[in-house]
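Engineer: quick one: sequence and predicted model below, then my questions.
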Amino acid sequence: MRLLAILFFFLLPLSGADAGVTVNESMNIKDLVGERRITFDQKGEFLFGDIIIKKAEISELGAVTFRRWTGGKIVYQFDPSLTPTQRQTFIGACNAWTAGTPLTCVERTNETNFVRVRTHNGDQCGGAWNSCSELGMQKGGQDLWIYKEHWNGYNTVIQHEVGHVIGLMHEHQRADRDNYVLILDDNIQQGAESQFWKSPYGVSGASDYDFDSIMHYHNCDFSKYEDTCAYGGPDSEQTIQALSCSRDGVGGDSITALDREAVSRAYSPDFLSLFGLDRNEACGNVAYTETQWAGICANGSCTAANLPAKKWKKVVTQYYKTCGFISAGKELEMCAEVKREYIESWTDTDPLTCGLGDLHELWSKCGCSFVTEKGLCTNYAKPAFADYQKATGKVNWRQGRAIYFLDIARELAGDGLVADDVVHGLTTFVLENYMDRRFETRLAGVRASIYSYARWKRTVDPGYKLDLATFNKIATRHHLRALG
């Protein structure tokens, strides 16, 4: 289910102070499904999991295009059969992706490219209990099908499908997934195999592997034992498991910080390039084995010297009895039998319990170790340029307007003229509005207004600070999204 959870907009970071991201939105169908043979149905469609691939969208050379939505606007049109409640459910699911990202969701007026939001009774998406959608922005109208029962309390499913509309692939299908999860092919329902195909596409996640991404399937999704398979239940019935026994569940029920980071990095790469990547609390924490941790740190974002403290899960204590000599290494074998790691061991003796001898007991404590690492994402406290003057000539006009706005805001904050909740949200405000068609002009208007108003108010009220309500009034007056 995730943008990278894989975002199929080919991201190539550039070097230098003006580093940004280039986007190549075309690929070959084999980059998506590998050498597998695919068959289109009578409608000219092929289901790659819950993603609709239309034959008409593939060129003679096999090229297929996944575009970003123009201006970050997801344009939707409701099928006339949808009820008011269903329409509001979709709007809520779509808007969930807009918080902290440059995306917006708007209902169609006369736009050429749009997504048709529809419902089905089991005659689409491969059958009942399946919802599906096309990937990214396609040319003209495209389909998003929601199964009839998913309108009732399954908001996560709808958010997941909107993720595909944005351009996201499943997290568990990214090229490096075998380092983190195990796919149990024998447990997958017949006809659902493509839900778990690993994509050979060379782009891995835009961030660390996110077990909790809304674009990641759960342990029992599409299990042939769906009536009995359960989280925490028998491993033999699951379709997907974390490789380490230090983690039970995989799959998310909400949009994670790493999901939002990946969307923002794909849609507004030049804004995010103004800040450094870092491991920080803002992107949440992810639990890994030490081996997995070493893998994600291979890019230099963390080092062996910074290995987080080891923690343990699934700790068990067991013992081995003997009336004779206890061989060395037996305590390690006791852990291996339960597929856990050795923690510690001890012995005790019960006198005269073996006839004339003593009963010796060897106790071993075993468990699954893991480390928790902060997610890798944009650190807005690490600007690439100290101020607007140092950025001059190295950034484009839109980037420059953003830097100048943040410079002025920092000046006001330094003088105590801006409330803390406004200060902490300013970069999010710029990011959320960055794809607005008239961003530069409107942001300049907000900058001038807050600067002059805050300075004037301080002359009549020595304790005045620009609060969130006032900031949002100014922002909406200039037709920009308010700060949440």
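Structural biologist: Perfect, thanks for sending it.
Engineer: give me the distance between residue 346 and residue 354.
Structural biologist: 20 Å (CB to CB, to the nearest Å). All C-beta spots, glycine's among them, are computed from the backbone N, C-alpha and C.
Engineer: quick one: residues contacting residue 409.
Structural biologist: Each residue near residue 409 by CB atoms under 8 Å, 6 or more residues apart in numbering is listed here: 418, 423, 426, 447, 450.
Engineer: could you do residue 323 as well?
Structural biologist: 353-355, 357-360.
Engineer: need the max-distance pair from those.
Structural biologist: 355 and 360 (13.6 Å; CB to CB).
Engineer: the two: which is more packed in?
Structural biologist: Shown here are residue 355 and residue 360; by other CB atoms under 10 Å, residue 360 has more neighbours (18 against 8).
Engineer: which parts of the helix or strand hosting that one are buried?
Structural biologist: Under the criterion of DSSP states H and E, residue 360 resides in strand 357-374. Neighbour-count burial for strand 357-374 flags 360-362, 364-371, 373-374 (criterion: 16 or more other CB atoms under 10 Å).
Engineer: try stretch 211-225
Structural biologist: 211-223, 225.
Engineer: from residue 314, how far out is residue 442?
Structural biologist: With distances taken as CB to CB, residue 442 is found 54 Å from residue 314.
Engineer: these two - which one has more neighbours?
Structural biologist: residue 442 (18 against 14).
Engineer: need the contact list for that one.
Structural biologist: Counting by CB under 8 Å, 6+ apart, residue 442 has contacts 433, 436, 478-480.
Engineer: do that again at 10 Å, thanks
Structural biologist: 401, 433, 436, 475, 477-480 (CB atoms under 10 Å, 6 or more residues apart in numbering).
Engineer: buried among those residues? Make that a ChimeraX selection.
Structural biologist: Those of the contacts of residue 442 that count as buried under 16+ other CB under 10 Å are selected in ChimeraX with:
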select :401,433,436,475,478,480
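Engineer: one step back: so which of the buried residues of stretch 211-225 comes closest to residue 105?
Structural biologist: Checking the buried residues of stretch 211-225 against residue 105 with CB to CB, the nearest one is residue 214 at 16.1 Å.
Engineer: hang on, that closest one packs against residue 160?
Structural biologist: Yes - Residue 214 lies in contact with residue 160 (CB atoms under 10 Å); the separation is 5.6 Å.
Engineer: next one, pLDDT for the closest residue in space to residue 425 that isn't next to it in sequence please.
Structural biologist: Using CB to CB, 6 or more residues apart in numbering and skipping residues adjacent in sequence, the residue nearest residue 425 is residue 483, 4.6 Å away. Predicted confidence (pLDDT) for residue 483: 92.
Engineer: and residue 483, helix, strand or coil?
Structural biologist: Following DSSP: H, G, I helix; E, B strand; the rest coil, residue 483 is assigned to coil.
Engineer: what sits against it?
Structural biologist: 421-422, 424-426, 428-430, 432-433, 468, 471-472, 475.
Engineer: check the gap between it and residue 423 for me.
Structural biologist: Distance from residue 483 to residue 423, by CB to CB: 11 Å.
Engineer: try residue 332
Structural biologist: For residue 332 relative to residue 423 (CB to CB), the value is 55 Å.
Engineer: avg pLDDT for stretch 96-110?
Structural biologist: 96.
Engineer: CA-only coordinates of it in PDB, if you can.
Structural biologist: Output of stretch 96-110 as PDB, limited to C-alpha atoms (Å, rounded to 0.1, in the frame of the first residue of the first chain):
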ATOM      1  CA  ALA A  96      -6.000  12.700   5.000                       C
ATOM      2  CA  TRP A  97      -3.100  12.700   2.500                       C
ATOM      3  CA  THR A  98      -3.000  16.500   2.300                       C
ATOM      4  CA  ALA A  99      -1.900  17.200   5.900                       C
ATOM      5  CA  GLY A 100       1.800  18.000   5.900                       C
ATOM      6  CA  THR A 101       2.200  17.400   2.100                       C
ATOM      7  CA  PRO A 102       1.800  19.700  -0.900                       C
ATOM      8  CA  LEU A 103      -1.300  17.800  -2.100                       C
ATOM      9  CA  THR A 104      -4.800  19.000  -2.300                       C
ATOM     10  CA  CYS A 105      -8.000  17.200  -3.300                       C
ATOM     11  CA  VAL A 106     -10.600  19.100  -5.400                       C
ATOM     12  CA  GLU A 107     -13.800  18.000  -7.100                       C
ATOM     13  CA  ARG A 108     -13.800  18.200 -10.800                       C
ATOM     14  CA  THR A 109     -15.300  21.200 -12.700                       C
ATOM     15  CA  ASN A 110     -13.900  21.000 -16.200                       C
END
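Engineer: so which bits of that stretch are buried?
Structural biologist: Those would be 96-98, 100-105, for stretch 96-110 by 16+ other CB under 10 Å.
Engineer: adding secondary structure and distance to residue 79, write the residues you listed out as JSON lines.
Structural biologist: Below are those laid out as JSON lines (DSSP: H, G, I helix; E, B strand; the rest coil; distance: CB to CB, whole Å):
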{"residue": "96", "secondary structure": "coil", "distance to residue 79": "21"}
{"residue": "97", "secondary structure": "coil", "distance to residue 79": "21"}
{"residue": "98", "secondary structure": "coil", "distance to residue 79": "22"}
{"residue": "100", "secondary structure": "coil", "distance to residue 79": "30"}
{"residue": "101", "secondary structure": "coil", "distance to residue 79": "26"}
{"residue": "102", "secondary structure": "coil", "distance to residue 79": "28"}
{"residue": "103", "secondary structure": "coil", "distance to residue 79": "22"}
{"residue": "104", "secondary structure": "strand", "distance to residue 79": "21"}
{"residue": "105", "secondary structure": "strand", "distance to residue 79": "16"}
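Engineer: who does the helix or strand containing residue 262 touch, helix- and strand-wise?
Structural biologist: Taking DSSP H and E as the criterion, the element that holds residue 262 is helix 257-267. In terms of contacts (3 or more CB pairs under 10 Å, 6 or more residues apart in numbering; DSSP states H and E), helix 257-267 is packed against strand 2-7, strand 10-13, strand 21-24, helix 155-166, strand 168-169, helix 269-272, strand 376-383, helix 420-433.
Engineer: rounded mean pLDDT for it, please.
Structural biologist: On average, helix 257-267 scores 90.
Engineer: and the longest helix for the protein?
Structural biologist: When the chain is parsed with DSSP state H, its longest helix is helix 439-460.
Engineer: now do that helix against helix 420-433, angle only.
Structural biologist: Relative orientation of helix 439-460 versus helix 420-433 (axes from the mean of the first three to the mean of the last three CA atoms, to 10 degrees): 170 degrees.
Engineer: verify the stated contact: residue 71 with residue 104.
Structural biologist: Yes - if you go by CB under 10 Å, residue 71 and residue 104 touch, sitting 8.1 Å apart.
Engineer: what do the two both touch?
Structural biologist: In contact with both residue 71 and residue 104: 435-436, using CB under 10 Å, 6+ apart.
Engineer: where does the prediction get shaky in the stretch 101-250 of the chain?
Structural biologist: 200-207, 232-235 (pLDDT under 70).
Engineer: now do the helices in this structure.
Structural biologist: Remark: helices assigned in the chain by DSSP H are 29-33, 84-95, 155-166, 257-267, 269-272, 290-296, 330-337, 388-391, 397-414, 420-433, 439-460, 468-477.
Engineer: distance to residue 282 for these - can I get that in JSON lines?
Structural biologist: Formatted as JSON lines, these follow (distance: least, CB to CB, whole Å):
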{"stretch": "helix 29-33", "distance to residue 282": "32"}
{"stretch": "helix 84-95", "distance to residue 282": "21"}
{"stretch": "helix 155-166", "distance to residue 282": "20"}
{"stretch": "helix 257-267", "distance to residue 282": "6"}
{"stretch": "helix 269-272", "distance to residue 282": "13"}
{"stretch": "helix 290-296", "distance to residue 282": "17"}
{"stretch": "helix 330-337", "distance to residue 282": "37"}
{"stretch": "helix 388-391", "distance to residue 282": "23"}
{"stretch": "helix 397-414", "distance to residue 282": "17"}
{"stretch": "helix 420-433", "distance to residue 282": "10"}
{"stretch": "helix 439-460", "distance to residue 282": "23"}
{"stretch": "helix 468-477", "distance to residue 282": "19"}
